[in-house]
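Trainee: Got a predicted structure here, sequence first:
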Amino acid sequence: MRLLTYQRSVAGPKPGVEAARWWGRMARDPLGTYGALARRYGDAVQVPFGRSRAFFLLSRPEHAEHVLVARQDNYVKAFTYRPLRAFLGDGLLTSEGETWRRHRRLVQPVFAQRHVVGFAPRMVEITRAAVERWPDGVLLDAAEQLRRLTLDVVGRALFGSELAGEAARTGRSLEALQRAAVVGTFLPGVAARRGVYARVPRLKDGIAHLDGMVERVVKGSGGELLDLLKEGGGLSEDELRDEVLTLLLAGHETTAASLAWTFVMLSRYPAARERLENEVDEVLGGRDPRAEDVDRLPWTRAVLSESMRLNPPAWTIERDAVEDDDAAGVSIPAGSTVAIPPYLLHRNEEFWPNPEGFRPERFMGEPERPRYAYLPFGGGRRICVGAGFAMLEATLLLATISRTHRLDLAPGMTVPGRAEITYRPAGPVPMRVSRR
């Protein structure tokens with residue numbers, strides 16, 4: 001095993017007890033610890049990890065561009081993804097090399113922008129039906145309702161399966177598996193074996209539920225993406241299962257979290273909400289939105305973008321260095337792990353004045369900031385394949401709901417976040433629904 005050289009030129013805790021304390025904090029609260037490290041040591045931080053690995057926290061746009069784009073061939077999915085791979089297998093989110101390239105080529109056509117717009121009518125139809133079932137004046141868990149809605153959209157649009165009834169149990173399964181994946185990061189060897197998790201009763205139930213849901217989807221009549229996966233790529237049964245599970249979970253969880261945070265922000269900032277409602281009323285004139293309306297809803301899109309700036313579901317992107325490298329002035333030894341955290345990038349005061357403020361106007365007009373100061377969907381070749389689908393879905397769902405309904409947080413209600421595999425509300429988000 002190669003011993004890594006401690007980079008004295010990079011700020012951070014010293015090897016030994018000091019670094020161990022930081023790792024203990026990271027196991028309990030990864031996002032809070034990232035923030036504390038950046039506040040104490042700056043935009044480039046080194047945290048030694050045992051005798052054979054170093055961890056670098058890099059929080060500037062030039063770091064992101066270097067690792068994710070300029071030198072992306074030198075950086076592979078980090079060891080921190082091993083627990084996720086144990087659950088999801090080798091889908092697009094976790095695979096590498098030729099497996100990833102083959103799967104990406106297979107699904108890319110379905111997510112091309114010219115193709116994605118064809119999903120718009122189904123997205124709006126499902127949303128309208130769901131919203132009409134919300135009783136006026138009652139408190140609903142917005143996070144749960146939006147998970148149910150987005151799972152149904154992804155299930156029916158991409159796979160031809162009605163999955164709204166699976167949402168509650170799927171949410172509980174995902175919550176348990178995400179927590180286990182974070183803990184598993186600190187259990188080398190053990191973390192990569194799915195069978196270990198399957199021995200824990202709560203995780204066993206979650207794995208069984210997700211496996212059963214995927215089996216039902218695969219055996220169903222099929223949507224466009226499912227048909228393509230079955231017929232066009234020569235996938236094995238295991239590969240098909242891995243990809244369906246990855247696309248189902250990643251395709252609904254992140255959009256649901258983004259929308260939940262967006263409605264929280266709109267409740268806290270009534271002027272922004274009023275402007276959004278006025279835009280929706282003016283553009284739509286009392287009808288539901290269509291795909292071609294999205295470009296005519298700039299404030300609605302800006303609200304979503306600002307919400308994802310403050311609360312990016314993909315809050316950290318982590319890679320392992322294959323060879324020694326210099327990342328925008330930071331010396332990275334081969335074998336090191338590098339974290340690029342959008343959560344911190346999105347709060348850099350150099351590029352985002354008043355970074356904790358909710359100001360959608362930042363996204364109106366041409367941006368005056370580096371390209372990689374904002375990374376809601378990652379960057380480089382591995383940018384989220386479904387980014388266009390997700391933004392179309394989120395914009396149409398937000399406009400459809402806002403046309404007829406408002407969601408208000410209960411007075412005095414705070415909504416803490418939880419950063420595990422994704423960044424999402426830590427628990428239920430009770431909001432009062434009222435018709436406009």
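Mentor: That came through fine. Numbers count the residues shown, from 1 in each chain.

Trainee: tell me the secondary structure for residue 76?
Mentor: strand (DSSP: H, G, I helix; E, B strand; the rest coil).

Trainee: residues in contact with it?
Mentor: 96, 319, 320, 322 (CB atoms under 8 Å, 6 or more residues apart in numbering). For every residue, glycine as well, the C-beta is placed using N, CA and C.

Trainee: repeat that for 6 Å
Mentor: Residue 76 makes contact with 96, 320, according to CB atoms under 6 Å, 6 or more residues apart in numbering.

Trainee: count of residues packed around residue 343?
Mentor: For residue 343, the count of nearby residues is 22 (other CB atoms under 10 Å).

Trainee: Can I get the helix or strand encompassing it in CSV? Just the C-alpha atoms.
Mentor: Using DSSP states H and E, residue 343 maps to helix 342-345. Extracted C-alpha coordinates of helix 342-345, given in CSV (Å, rounded to 0.1, in the frame of the first residue of the first chain):
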residue,chain,number,x,y,z
PRO,A,342,-21.9,22.5,-4.4
TYR,A,343,-23.4,23.4,-1.0
LEU,A,344,-20.3,25.4,-0.2
LEU,A,345,-19.6,26.6,-3.8
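
Trainee: Please identify the buried residues of it?
Mentor: 342, 343, 344, 345 (16 or more other CB atoms under 10 Å).

Trainee: which of these lies closest to residue 219?
Mentor: Top of the list for closeness to residue 219, among these and by CB to CB, is residue 342 at 37.1 Å.

Trainee: The closest one and residue 218, how far apart?
Mentor: Noted for residue 342: a distance of 33 Å to residue 218, by CB to CB, to the nearest Å.

Trainee: want to throw the buried residues of helix 342-345 into JSON lines with pLDDT?
Mentor: Below are these laid out as JSON lines (pLDDT from 0 to 100):
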{"residue": "342", "pLDDT": "98"}
{"residue": "343", "pLDDT": "98"}
{"residue": "344", "pLDDT": "98"}
{"residue": "345", "pLDDT": "98"}
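
Trainee: Three-state assignment for residue 222, please.
Mentor: coil.

Trainee: Might you report the residue contacts of it?
Mentor: Neighbours of residue 222 in contact, by CB under 6 Å, 6+ apart: residue 160.

Trainee: How confident was the prediction at it?
Mentor: The per-residue pLDDT reported for residue 222 equals 71.

Trainee: next SSE after the helix holding residue 343?
Mentor: Next element after helix 342-345 (DSSP H and E): helix 387-404.

Trainee: Summarise which helices and strands that following helix is packed against.
Mentor: helix 113-116, helix 120-131, helix 237-268, helix 270-284, helix 298-310 (3 or more CB pairs under 6 Å, 6 or more residues apart in numbering; DSSP states H and E).

Trainee: what inclination does the third one have with respect to helix 387-404?
Mentor: Note on geometry: by axes from the mean of the first three to the mean of the last three CA atoms, to 10 degrees, helix 237-268 and helix 387-404 are set 40 degrees apart in direction.

Trainee: Of all the residues in helix 237-268, which ones are buried?
Mentor: In helix 237-268, counting by 16+ other CB under 10 Å, buried: 239-267.

Trainee: next one: stretch 138-149
Mentor: Quick answer for stretch 138-149 (16+ other CB under 10 Å): 140, 141, 142, 143, 144, 145, 146, 147, 148, 149.

Trainee: Touching it from outside, list them.
Mentor: Under CB under 6 Å, 6+ apart, the answer for stretch 138-149 is 130, 164, 167, 171, 256, 259-260, 263, 407, 425, 428-433.

Trainee: Of those residues, which is the most crowded?
Mentor: Neighbour max across the contacts of stretch 138-149 (other CB under 10 Å) = residue 256, 30 neighbours.

Trainee: Might one say that that residue is in contact with residue 151?
Mentor: No - between residue 256 and residue 151 there is no contact under CB atoms under 6 Å: 7.6 Å.

Trainee: Would you mind listing where this structure has pLDDT under the threshold?
Mentor: Low-confidence regions of the chain, defined by pLDDT under 70, span residues 1-8, 51-52, 182-202, 233.

Trainee: would you list every one of the strands in the stretch 101-250 of the chain?
Mentor: Under the criterion DSSP state E, counting those that start in this stretch, strands of the stretch 101-250 of the chain are mapped to 139-141.

Trainee: thinking again about what came up before, want to try a markdown table for the buried residues of stretch 138-149, with distance to residue 47 as columns?
Mentor: Shown next, in a markdown table, are the buried residues of stretch 138-149 (distance: CB to CB, whole Å):
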| residue | distance to residue 47 |
| --- | --- |
| 140 | 41 |
| 141 | 37 |
| 142 | 36 |
| 143 | 32 |
| 144 | 36 |
| 145 | 39 |
| 146 | 35 |
| 147 | 34 |
| 148 | 39 |
| 149 | 39 |
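
Trainee: Go through these and say which is closest to residue 16.
Mentor: Nearest member of the buried residues of stretch 138-149 to residue 16, counting by CB to CB, is residue 143, at 41.2 Å.

Trainee: how close does the closest one get to residue 43?
Mentor: 32 Å.

Trainee: again, but for residue 309
Mentor: 18 Å.

Trainee: ok, those two, which is more surrounded?
Mentor: residue 309 (24 against 19).

Trainee: How about that one, nearest residue that isn't a chain neighbour?
Mentor: residue 346 (4.5 Å; CB to CB, 6 or more residues apart in numbering).

Trainee: before we move on, what about residue 54?
Mentor: That would be residue 336: by CB to CB, 6+ apart, it lies 4.5 Å from residue 54.
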